[in-house]
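1. sequence first, predicted model second:
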Amino acid sequence: MMSHAFLKPETTSMMFTSQKLNDGRETRYGIGWFVRQDAKGRRVVTHSGGSMGGTANLLLYPNEGIVVALLVNSDQRFIHYAWDIVDIFLGE
C-alpha cells in the first residue's frame, strides 16, 4: 500500500484522506481506512476487524515507513497491542 506497487499513488492518497461532512467537519475516515494522528502528531492510517475466533489490526505510518499487522486467534480484543509494537519500532 505504501510502496505504490499495487495501487497508484493517487488512489492510495484518496483512500487515506479523511472524508468531510456537508458542514466541512472531517470524519477521520477515508475510503476503508481510519485516518488520524497519534499522540505525537504523526499521521497513522488504520483498519481493524474481527469475527468469531479472530481479530486483526493493521497500522500504517506512511511517513515513517512502518507497517504493523496484528492477527490474533481470539475474539477477545487484543488488537490494541499493535500500538505497543509501533512504539517499539519508533523507539518509545
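-> Here it is on my side, so go on.

2. the closest residue to Val45 other than its chain neighbours sits in which helix or strand?
-> Ranked by CB to CB, 6 or more residues apart in numbering and with sequence neighbours excluded, the top spatial neighbour of Val45 is Leu60, at 4.5 Å. Just so you know, the C-beta spots here come from the backbone N, C-alpha and C atoms, and that holds for glycine as well. Taking DSSP states H and E as the criterion, Leu60 maps to strand 54-61.

3. just Leu71 next, same as before
-> Here Leu71 is assigned to strand 66-72, by DSSP H and E.

4. what's that strand packed up against?
-> strand 54-61, helix 81-89 (3 or more CB pairs under 8 Å, 6 or more residues apart in numbering; DSSP states H and E).

5. residues contacting that strand, please?
-> 1-2, 54-61, 78-79, 81-82, 85-86, 89-90 (CB atoms under 8 Å, 6 or more residues apart in numbering).

6. now do stretch 18-34
-> Applying CB under 8 Å, 6+ apart, the external contacts of stretch 18-34 come out as 14-17, 35-36, 45-47.

7. restricted to helices, list those.
-> With DSSP state H as the criterion, helices contain 14-15 from among the contacts of stretch 18-34.

8. quick check: bridge partners of Ile66?
-> Beta-bridge partners for Ile66, by DSSP bridges, are Tyr61.

9. now do the end-to-end distance for stretch 20-36.
-> Stretch 20-36 has its terminal residues 13 Å apart, counting by CA to CA, to the nearest Å.

10. buried residues in it?
-> 30, 33-35 (16 or more other CB atoms under 10 Å).
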